[in-house]
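A.B. asks: The following comprises the amino acid sequence and a computationally predicted model.
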Amino acid sequence: MLKLNITTEDSSCKARTGFFETDHGIVETPIFMPVGTQGTVKAVNQSYLENEIKAQIVLSNTYHLYLRPGIEILESAGGLHKFMNWEKPILTDSGGYQIFSLTELRKLKEDGVEFKSHLDGSKHFFTPEKVIGIQRSIGSDIMMVLDECAPYPCDYDYANKSVDLTTRWALLNKKSFINSTPKYGHNQFLFGIMQGSIYKDLRKKSAEQLQEIGFDSYAIGGLAVGEPVDKMYELVNYTTDLMPRESPRYLMGVGRPENIIEAISLGVDMFDCVMPTRNARNAYLFTWDGTVLMRNARYKNDFKPLDENCNCYTCRNYSRAYLRHLFIAEEILALELASIHNLYFYLELVSKARENIISGNFLNWRNRIINQISIKN
RNA sequence: GUGGGUAUAGCUCAGUUGGUUAGAGCACCAGGUUGUGGCCCUGGGUGUCGUGGGUUCAAAUCCCACUACUCACC
């Protein structure tokens, strides 16, 4: 088990603060993990990631790293930490989500999933065993099981079968985990992923079956795939009660800033999402005064910083007019400065959530800040 | 100077024997993006059809003049 050392619990909601330890360092929760699919957080170098953005852990992806550069290269490099020059914790997603998002390219089978590479069309077969093996070669501090993320909408019968398949795979994941060892001298944890679509009894079944198998901790998968946001909150609230109290709860793929704050109040500790980085590359920026679409012509002559209340490298040094110019001119620096800002914002968001939980002011802060950051400028 | 060609959206250009409210691509403007392809998706036409006349029920389209650009030849 990966122990979450709980330091504060909010008295009026399920929010809590804590930390857990890996061989690459401590992670303080609640935490947001920047997404670095291909062994890089797009447009942001590792120095900025660590020193400016204060990322404590990043997410990378089994599917992408397996296809390119391939596990031989990663093993020759001595693992992903050395390969990408990142000595803090890394979590790797298993490829389960790619099975879901690349549906035209895959075929689900009892033993695993056959898929075609989005790079060259070559055929590959992922099994729970193989995915554990690849993650051993990557050397991530936290590995994720191979699961099936059901689509939305999803009828009960399909969702039920999907949970059963995910459980059968989970058992094989666990067996492979037990029968293999880390390659680089540091410990690796394995998280189970709970499914069940929008059906509470299936969520319950998934939670129970996975905990019977036993994992270091657990993630909530299969949400934020198109269901109404209130439905998502309802299910998160329901599911966190089914999860162990003293290990970090991870809500996969979520989300918008307001989704994260809300989910923290429902007892979630870990998040990842492509939104701060992907949206940054499309000039969609998050600020403490709401979202800013940096391409808009209204910023042509705006020489104020992007966010006067932000202390990131971008906001300290550049104007909105300059950022807009960089985007319109399609300059690479636009992607870098925007990504740095959005990630800084997300990390500061969870950091402030943590401070406010500790000071006992979390719900007040949450209600105020959600209104503030949801404004569309 | 003479003869030919061209002129339609910011750019490059379609536009039938004259026939509804003049189109495309790119650009531009406005949105979207939830376990990542910088991709992609959605919506928007922003126009004195070079200018002025004429023919016609009806002209970007036919006729005349002018203007600009361009090619060839003196």
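C.D. replies: Now that the structure is in, tell me what you want to look at.

A.B. asks: tell me, how many neighbours does whichever residue of the stretch 51-200 of chain A sits closest to RNA strand B end up with?
C.D. replies: Closest residue of the stretch 51-200 of chain A to RNA strand B, C-beta to the nearest atom of the strand: A:Cys149 (2.5 Å). Any C-beta I mention is one placed from the backbone N, CA and C, and that applies to glycine too. Applying other C-beta atoms under 10 Å, we find 23 residues neighbouring A:Cys149.

A.B. asks: same check, this time on the one 4 residues further on
C.D. replies: Taking other C-beta under 10 Å as the neighbour definition, A:Pro153 ends up with a count of 12.

A.B. asks: can you pull the contacts of it?
C.D. replies: With contacts defined as C-beta atoms under 8 Å, 6 or more residues apart in numbering, A:Pro153 is in contact with A:Gly226, A:Glu227.

A.B. asks: confidence score at it?
C.D. replies: Note on A:Pro153: pLDDT of 90.

A.B. asks: any idea which helix or strand comes after the helix or strand bottoming out on mean pLDDT in chain A?
C.D. replies: In chain A, no helix or strand scores lower on mean pLDDT, DSSP states H and E than helix A:96-101, which sits at a mean of 79. Downstream of helix A:96-101, the next assigned helix or strand under DSSP states H and E is strand A:106-108.

A.B. asks: Would you indicate which residues of that next one are buried?
C.D. replies: By neighbour count on 16 or more other C-beta atoms under 10 Å, the buried set for strand A:106-108 is A:Arg106.

A.B. asks: Now that the residue of the stretch 51-200 of chain A closest to RNA strand B has come up, it's in contact with A:Val225, right?
C.D. replies: Yes. At 6.9 Å, A:Cys149 counts as touching A:Val225 under the criterion of C-beta atoms under 8 Å.

A.B. asks: Mind listing the shared neighbours of those two?
C.D. replies: Contacts common to A:Cys149 and A:Val225, judged by C-beta under 8 Å, 6+ apart, are A:Phe100.

A.B. asks: Okay, buried residues for the least confident helix or strand of chain A please.
C.D. replies: Those would be A:Gly96, A:Tyr97, A:Gln98, A:Ile99, A:Phe100, for helix A:96-101 by 16+ other C-beta under 10 Å.

A.B. asks: Let me see the confidence value for the residue nearest to the second one when sequence neighbours are not counted.
C.D. replies: This means A:Tyr97. Sequence neighbours aside, A:Cys149 is the residue nearest to A:Tyr97 in space, at 5.4 Å (criterion: C-beta to C-beta, 6 or more residues apart in numbering). For A:Cys149, the pLDDT comes out at 91.
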